[in-house]
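Novice: Just a sequence and a predicted model for now, questions to come.
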Amino acid sequence: GAVVSQHPSWVICKSGTSVKIECRSLDFQATTMFWYRQFPKQSLMLMATSNEGSKATYEQGVEKDKFLINHASLTLSTLTVTSAHPEDSSFYICSASGRGDNEQFFGPGTRLTVL
Amino acid sequence: AQSVAQPEDQVNVAEGNPLTVKCTYSVSGNPYLFWYVQYPNRGLQFLLKYITGDNLVKGSYGFEAEFNKSQTSFHLKKPSALVSDSALYFCAVSYSSASKIIFGSGTRLSIRP
């Protein structure tokens, strides 16, 4: 089956630093990737949709300069949290889908803690 | 606009009893409906989906869900609960499998021995 990985699985950083999270489709080409964040005991909220080779589409209320998304290849998308602050601490989950009307496959998530 | 509602924050069931986790949706057109399960500090695991066809959809781990168009519901069911079914369950809706998914608020399922 289709596998999506995320790296790192968890990260702790100091306030003001930037953190990059990778999302990879291991055995298929992901034309579209999605980034979600999840606060404790809450649902997943879509942050942005990225298509390979084009700019990401951000959901309302998500700062695109704060959360930089790059989808440079068909197997890799990155989310960079710039100048991270404690309120950015969250569980970030990516998903990926291939060409056509294919299913989305979710990564295992990355827990970010900003001190 | 699409939306999905899970009216119960928590469902408690004794092991061996049947379980139901409720979900209602609101979407124009024909929806794609999903159920996912999440274990602590883990990503989402796909359980099942409805696109078209039979209203009763069978999925992983013995779960099934019934699509009811008139009631706009997609309740998750299992005939006999296991303690290992204890987790957070999300209902979700989309216009297609590959478009953005809108998640419900989640229902925590607790199965007592």
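Specialist: On my side now, so go ahead. Numbers count the residues shown, from 1 in each chain, chains lettered A, B, ... in the order given.

Novice: hey, where'd the strands end up in the chain?
Specialist: This is for chain A. A:4-7, A:10-13, A:19-25, A:32-38, A:44-51, A:57-58, A:67-73, A:76-81, A:90-97, A:105-106, A:110-114 (DSSP state E).

Novice: wait, chain B
Specialist: Taking DSSP E, the strands of chain B run over residues B:3-5, B:10-14, B:19-21, B:24-26, B:32-38, B:44-50, B:56-58, B:64-68, B:73-78, B:87-94, B:102-103, B:107-112.

Novice: count of neighbours near A:A72?
Specialist: 11 (other CB atoms under 10 Å in any protein chain shown). (C-beta placed from N, C-alpha, C; glycine too.)

Novice: Could you tell me which residues make contact with it?
Specialist: Shown in contact with A:A72 (CB atoms under 8 Å, 6 or more residues apart in numbering or on different chains): A:E52, A:G53, A:T78.

Novice: Okay, now the unreliable bits of the chain?
Specialist: Since no chain was named, I'll use chain A. The model of chain A has pLDDT under 70 over residues A:1, A:99-102.

Novice: you looked at the wrong chain, it should be chain B
Specialist: Across chain B, the ranges flagged by pLDDT under 70 are B:97-98.

Novice: What residues does it have near chain A?
Specialist: Within reach of chain A by CB under 8 Å from any CB of the partner chain, chain B has these residues: B:36, B:41-46, B:49, B:90, B:96-98, B:100-106.

Novice: circling back to that earlier point, let's have the strands of chain A in CSV, adding distance to B:V11.
Specialist: Shown next, in CSV, are the strands of chain A (distance: least, CB to CB, whole Å):
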stretch, distance to B:V11
strand A:4-7, 29
strand A:10-13, 29
strand A:19-25, 32
strand A:32-38, 20
strand A:44-51, 19
strand A:57-58, 34
strand A:67-73, 34
strand A:76-81, 33
strand A:90-97, 22
strand A:105-106, 23
strand A:110-114, 26
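
Novice: Which strand residues bridge the residue most central in space within chain A?
Specialist: By CA atoms, centre = their mean, the mean C-alpha position of chain A lies nearest to A:W35, the distance being 3.8 Å. Here A:W35 sits in beta bridges with A:A48, A:C94, as judged by DSSP bridges.

Novice: wait, what's in contact with it?
Specialist: Counting by CB under 8 Å, 6+ apart, A:W35 makes contact with A:C23, A:L46, A:M47, A:A48, A:S50, A:F67, A:I69, A:S77, A:L79, A:Y92, A:I93, A:C94.

Novice: For A:P108, state which of these is nearest.
Specialist: The closest of the contacts of A:W35 to A:P108 turns out to be A:I93 (CB to CB; 8.0 Å).

Novice: Count the residues that sit near the closest one.
Specialist: 25.

Novice: Thanks a lot, catch you later.
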